[in-house]
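Visitor: Sequence and predicted structure, then a few things I'm wondering about:
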Amino acid sequence: MYLSKTSATEFEIKGNVTYLIPFDDSVSLNINLANKGSIGGWVENAHVYTTTNACSKLKYLLGDSWKDYCQGFNFPDLECPMKPGIYVSSGINTNKMKNTNFPKTFFYGEYKMVITYTSSKGEKLGCLVIVLDIIRPWET
C-alpha cells in the first residue's frame, strides 16, 4: 500500500493486499511504534499493541472506516475471515478513513509503525511499515 497525492490537501490509499491464507482470528497482530530520537535514530517500543484475533481487532481499530477499507480493496464481504486472494485498490480517499478507533491526539514527532501478522504457531505471515510525521496544529 502507498499514499498517492490527488490534490494539495488530499491523498488516496492505493496498492494491493495479498492473502495466501484466510485472514481470520487465528492470526495475531502486533503494532510497534518507534519514535525518532532527538539525535537521530529510532527509539524502539515507544508504543506497543499486541493482540490475538487480528481480523476482528483490525476491524475494531478501523471503526466506521472498515467499510471504506473493504470496499476500497474490493473484498468480497465486510466480515471476518477474509478469503485468500489478491485485492487491489484503485484509491481510497484518506478523508474517509478518519472515523477510526485509533488515538485522536498524539505527541508530535516522527514515528515508524511496524505492523506484523503472525500465525498461532508463531510464524511471521506478513508485515507493513509506515513512517508517520505528526506535526503541531500551527505547523504546515
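Guide: That came through, no problem.
Visitor: quick one: stretch 36-48 to chain centroid distance?
Guide: From the chain centre to the centre of stretch 36-48 is a distance of 19 Å (Cα atoms, centre = their mean, to the nearest Å).
Visitor: could we number from 44 for the rest of this?
Guide: I'll keep to 44 as the first residue from here, and by that count the last item is stretch 79-91.
Visitor: end to end, how far does it reach?
Guide: Start-to-end span of stretch 79-91 (Cα to Cα, to the nearest Å) is 15 Å.
Visitor: Buried residues, that stretch. List them.
Guide: Buried residues in stretch 79-91, defined by neighbour count with 16 or more other Cβ atoms under 10 Å: 79, 85, 89. Bear in mind the C-beta positions are built from the backbone N, C-alpha and C, glycine included.
Visitor: Point out the least confident one among those residues.
Guide: pLDDT across those is lowest for A89, at 90.
Visitor: What lies in contact with the strand or helix carrying Y112?
Guide: Element membership for Y112, per DSSP states H and E: helix 109-115. Residues outside helix 109-115 that contact it (Cβ atoms under 8 Å, 6 or more residues apart in numbering): 56, 101-102, 105, 120-121, 132-135, 139-140.
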